[in-house]
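Trainee: Here's a sequence, model it:
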Amino acid sequence: MKVALNEAASWYMLRFFFISLLSFNVCHGKLDFSGTDTAEEEANALPDTELDSCNGIFLTYTLISREKEYPHVKNMSKQAWAFKSEATLMNVGDEELNDWQMYIGFQYSEILVSADGAVAIDADDFPAPVGNGTTLAGNPMMDLKTAIETAGDVNQMSVKVKMSGTQFGLGKEGKPMPKNIKLVNDGFKCPAASRKGSRMFVCCKKDPKAKAKLSKKTKFPPRRNGDLTIAYDVLQAFSNNYLAQVTIDNNHPLGRLDHWNITWEWQHGEFINTVRGAFARIKDPSECVYGPAARYYGDLDFSQVANCQKKPIISDLPSERKDDEKIGKLPWCCRNGTVLPPIMDKNKARSLFQIQVFKMPPDDNRTEITPPMKWHVDGVINPRYQCGPPIRVDPQEFPDPSGLSAIQTAVASWQVVCNITTPKPQTNRCCVSFSAFYNESAIPCNTCACGCDVTRKCNDKASPMLLPPDALLVPFVNRTKKALAWAKLKHNNVPTKLPCGDNCPVSINWHVNTDHKVGWTARITIFNWEDYTFDDWFTALKFDRYFEDFQDVYSFNGTRIPGLKTIFLQGVKGLNYLAGETNGTHEYDPRVPGKQQSVLSFNKKNIKDFDITRDGFPTTVYFNGEECALPPIRPMKSLGHHRSSINLLAIIISAFVTFLLMH
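Mentor: Just a heads-up that it's a prediction; the model follows:
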């Protein structure tokens, strides 16, 4: 009897402690809500009966405060509000929860600025837009133990995540609560969350009908898939420094990096002592000498330190340094920053380098390692990648360097997932022009397709002027006379202020060659307007309707990617480079771009309503993985201007009306 009473007393003390833990900030936080009264404060109190009746994972979300942010605007729907909130999870079931993940259904254009005690696994680094909801994962505490195995230790059973951010769309009286909160771990079922005032809560229980997934048991969250993944593996750990290996893996058939630069941000003032397989762009010891590093490492020669910046820029080594005994001699390194798609060469779809990192301040705990945050990777012309935060994963396994059939594991491992994003308007790095045998005019690349720095002498809003096809062969600065003469010849309008150029380093012309009963052909020409050469270049063409009708490509190597409905083109061996722009034959000649050209053939087996003016053009074009800007219109079967089809319709209507009047 005494034991039962003691257990009951322990449980009520545990519940009281958890209630106090959850409600402390609510009682003392500043709520910017008018009309908050005692009844509402009582409603905000933790529902004891709900917690008592929960046999699973109990989740809460509490809005602590909301204050108006600058700038103050009259339109309340556009007014920014700073909010503070708190999410909690408590395991009141009889099974340990590994790798907890909580979904919060934000719905008011929220921007999450911080989340202490968790990371947003489906969002970017903070500040991150989470207006469509986000999933938080534990960091550093990822597992929630039970009261049974911890003797009621709340610190091991529960976790608290303090959040701050910005939201829009609600006036002064509003309360920006999420649509829902739930546990997203496999095997759990959550009802709709209940809401009382500025608090939401839900009890998620084990689903008895859920089938257990056969997956490898991992201590940390499983590795995730992404277009580009970066592994941060700690190979050796000492009291004041550690050796980390950074591995970049390209997993997307159209993904690529050229002359890559990778950056991140140190969290505790760490600095890079040595680099192998890559190099730091800036070697400036002043940030170490005049910073806290000099106090802790007074005897270190900082003139030999690789990088002291909080945000270092790391680049790949050129291929001629691959066998350098001091900075080379690593597999998958030293390729001048080129990471190819696996469809081209699996061995070149990876890049690797190692860094020796000195911790700040030094400590005796070898395993106290904080990975860098805010990762970013980019190159010359390749897809734009958006990288998430580093997530702790199980230590990476490597073959034993001795050659024996043994496995060596890393001290600790983190994974960063980066995905390809679509370029915003006027931020592309390649563009496409259209032309066809049935129309005398070529539709050039969009105005400022790749951005415009100076617009005093040109109009960055005007549509590009139609051109004679041969004008695509000369640089934009030499096209003005041709464009004006062509406009006069075709009676096209000429804007008072001429449109700006496209400013793209690479342009692609797609020309429809022929159209006959059983098939059609097109010619693709790639122009390089830069001074440097593109090695191992590729281009890809997406066809939504007639991908299956592609027959062959001449002069290039062509591969189908069925899952993407894309034709992958690359240069044949020996011609897999796109030369840079060179001078003309004479001094007065315009510069000549490097170019590659081929013809593609298609049949008409799978399309009954084929229309060359609609179906003869790709819906998306890529160069080295970068999505290129497409013209908004296609050549029409008309007098050479896209508006002439309207004129033709007017002529037909006029003739029809005349016919009626005459009869």
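Trainee: Please parse the chain into its domains.
Mentor: As recorded under the TED database, the domains making up the chain are 50-206, 228-420, 430-628.
Trainee: Quick one: closest of those to Pro222.
Mentor: Proximity to Pro222 (CB to CB) singles out domain 228-420 among those, at 7.2 Å. Using the backbone N, CA and C atoms, a C-beta is placed for each residue, glycine as well.
Trainee: quick one: which of the domains of the chain is nearest Pro635?
Mentor: Pro635 sits nearest to domain 430-628 of all these, at 3.9 Å, using CB to CB.
Trainee: Now the terminal residues of that closest one, how far apart.
Mentor: End-to-end distance of domain 430-628 (CA to CA, to the nearest Å): 5 Å.
Trainee: Make 54 the first number, not 1, from now on.
Mentor: Shifting the count to begin at 54 puts that one at domain 483-681.
Trainee: tell me the mean pLDDT over that domain?
Mentor: Summarised as a single mean, pLDDT over domain 483-681 is 92.
Trainee: got JSON lines for the domains of the chain, with distance to Pro688 and mean neighbour count too?
Mentor: Shown next, in JSON lines, are the domains of the chain (distance: least, CB to CB, whole Å; neighbours: other CB atoms under 10 Å):
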{"stretch": "domain 103-259", "distance to Pro688": "39", "mean neighbour count": "18"}
{"stretch": "domain 281-473", "distance to Pro688": "27", "mean neighbour count": "18"}
{"stretch": "domain 483-681", "distance to Pro688": "4", "mean neighbour count": "17"}
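Trainee: Put together a markdown table for those, with distance to Pro274 on each row.
Mentor: As requested, the domains of the chain are arranged in a markdown table below (distance: least, CB to CB, whole Å):
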| stretch | distance to Pro274 |
| --- | --- |
| domain 103-259 | 5 |
| domain 281-473 | 6 |
| domain 483-681 | 27 |
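Trainee: For Asn278, which non-adjacent residue is closest in space?
Mentor: Counting by CB to CB, 6 or more residues apart in numbering, Asn304 is the residue found nearest to Asn278 once chain neighbours are left out, at 7.0 Å.
Trainee: so that neighbour touches Thr282, yeah?
Mentor: Yes. Asn304 lies in contact with Thr282 (CB atoms under 8 Å); the separation is 6.5 Å.
Trainee: where along the stretch 204-353 of the chain do the strands fall?
Mentor: Ranges of strands in the stretch 204-353 of the chain, per DSSP state E, counting those that start in this stretch, are 211-220, 234-236, 241-242, 247-249, 252-259, 281-290, 294-303, 314-318, 324-329, 331-333.
Trainee: Reformat those as a markdown table; add distance to His429 and mean pLDDT.
Mentor: Output for the strands of the stretch 204-353 of the chain, formatted as a markdown table (distance: least, CB to CB, whole Å; pLDDT from 0 to 100):
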| stretch | distance to His429 | mean pLDDT |
| --- | --- | --- |
| strand 211-220 | 22 | 94 |
| strand 234-236 | 31 | 95 |
| strand 241-242 | 35 | 92 |
| strand 247-249 | 38 | 91 |
| strand 252-259 | 35 | 94 |
| strand 281-290 | 10 | 96 |
| strand 294-303 | 12 | 97 |
| strand 314-318 | 5 | 96 |
| strand 324-329 | 17 | 97 |
| strand 331-333 | 15 | 97 |
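Trainee: any chance of the ones you listed in CSV, plus distance to Val166?
Mentor: Conversion of the strands of the stretch 204-353 of the chain to CSV gives the following (distance: least, CB to CB, whole Å):
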stretch, distance to Val166
strand 211-220, 5
strand 234-236, 19
strand 241-242, 29
strand 247-249, 24
strand 252-259, 21
strand 281-290, 24
strand 294-303, 27
strand 314-318, 15
strand 324-329, 27
strand 331-333, 30
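Trainee: Next, count neighbours for the nearest residue to Arg437 once chain neighbours are set aside.
Mentor: Among residues not flanking Arg437 along the chain, Thr474 sits closest, at 4.9 Å (CB to CB, 6+ apart). The tally of other residues near Thr474 (other CB atoms under 10 Å) stands at 13.
Trainee: Read off the pLDDT value for Thr474.
Mentor: Thr474 is given a pLDDT of 90.
Trainee: out of the domains of the chain, nearest to Met689?
Mentor: Closest to Met689 of the domains of the chain, according to CB to CB: domain 483-681, at 6.0 Å.
Trainee: The closest one: how far from the chain's middle?
Mentor: Relative to the chain's own centre, domain 483-681 is displaced by 27 Å; criterion: CA atoms, centre = their mean, to the nearest Å.
Trainee: again with stretch 323-343
Mentor: Relative to its chain's centre, stretch 323-343 lies at 27 Å (CA atoms, centre = their mean).
Trainee: residues in contact with it?
Mentor: Outside stretch 323-343, the residues that touch it by CB atoms under 8 Å, 6 or more residues apart in numbering are 294, 314, 346-347, 350, 355-356, 358-363, 365-370, 379-383, 386-387, 405-413, 423, 425.
Trainee: how does it look with 6 Å?
Mentor: By CB atoms under 6 Å, 6 or more residues apart in numbering, the surrounding residues in contact with stretch 323-343 are 346, 355-356, 358-361, 365-370, 380, 383, 386, 405-413.
Trainee: I'd assumed Asn151 was in contact with Asp196.
Mentor: Yes. Asp196 lies in contact with Asn151 (CB atoms under 6 Å); the separation is 5.1 Å.
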